[in-house]
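# model this:
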Amino acid sequence: MQPHLLEILERNTVNLGASPAAAALAADKLLCTRALAHAGVPVAEIVEKPDPVEKGCMRYVVKPRTGCGSEGVRITSYARAGPGEIVTRYHEGLHLSASFIAGREGFLPLTINRQIMDFAGEGPKYQGSQVPYKTPRAGEIWAAAKKASEALDLRGYAGIDFVLGEKPRAVDVNARPTSSIMGIVRVMKEEIGELILRARFGGLPKEVHVEGEYVFKKEDLK
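Okay, here's the model as predicted:
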């Protein structure tokens, strides 16, 4: 939800999600990446200018400064951003997301999910998700997600996209429900709505119970 709409929401009812300030920060990929890096969260580093030719051919990710999903993202050897774009370093790895709920009583991990990506074009295209994705490196991912959530002061349901290589690098933050919720509600015993309410009013559990797996494609969301 747009920050100005959140302000209207907060004036008239209880906001169960991120504050307008937190939502605005998360939506700005440049400011968000800088805030996460300052907090010690591994990120895909912002590239201010091209690398010296002595380093050889480098790969970069050019993406819109605002926006969601993989729309407008391209992988290139030219560190040049157009209007409204940013450039980050390209890191090889597995594309994952971490879905969680943050509240006044703490941080509740939900699921780690594998993002199904299509790399056939000039940039990755999101095609769907596997919920959950089991990995022996879950502890690293949750530690990074929790630190990022605290740095951005997230509240309610949120999700963070990671590229898991030598480190889990945060590449995008969604201060709102993400598409992975479509799978989470099918594999988690707890009711997602009740957890969001508990995050705001108290009684948030320490863990959730997940059984099975659900895979969905992007076209299923239409």
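# how many other residues sit next to residue 220?
11 (other CB atoms under 10 Å). Yep, even glycine has a C-beta here, placed from its N, CA and C like the rest.
# what do you get for residue 31?
13.
# got the phi and psi for it?
Dihedral pair for residue 31: phi -70, psi -40, per degrees, to the nearest 10.
# check contacts around the nearest residue to it once chain neighbours are set aside.
Nearest non-adjacent residue to residue 31, counting by CB to CB, 6 or more residues apart in numbering: residue 25, 5.8 Å away. When contacts are counted by CB atoms under 8 Å, 6 or more residues apart in numbering, residue 25 is found next to 31, 32, 35, 152.
# which among those end up buried?
Neighbour-count burial within the contacts of residue 25 applies to 32, 35, 152; the criterion is 16 or more other CB atoms under 10 Å.
# and the second one, how far from residue 15?
Remark: distance between residue 35 and residue 15 (CB to CB, to the nearest Å) = 21 Å.
# also the last one?
Using CB to CB, residue 152 is found at 15 Å from residue 15.
# what mean pLDDT does stretch 145-154 get?
Predicted confidence along stretch 145-154 averages 98 (mean pLDDT).
# can I get that stretch in CSV, CA atoms only?
Included here for stretch 145-154 are C-alpha records, laid out as CSV according to Å, rounded to 0.1, in the frame of the first residue of the first chain:
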residue,chain,number,x,y,z
ALA,A,145,15.8,-11.2,7.7
LYS,A,146,15.4,-10.4,11.4
LYS,A,147,18.2,-7.8,11.3
ALA,A,148,16.7,-6.2,8.2
SER,A,149,13.2,-6.1,9.8
GLU,A,150,14.6,-4.4,12.9
ALA,A,151,16.7,-1.9,10.8
LEU,A,152,13.6,-0.9,8.8
ASP,A,153,11.2,-1.0,11.7
LEU,A,154,8.8,-3.4,9.8
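# contacts for it next, please.
Counting contacts by CB under 8 Å, 6+ apart, the residues outside stretch 145-154 that touch it are 18-19, 21-22, 25-26, 32, 35-36, 38-41, 98, 100, 102, 107, 109, 158, 160, 162, 170, 173, 175.
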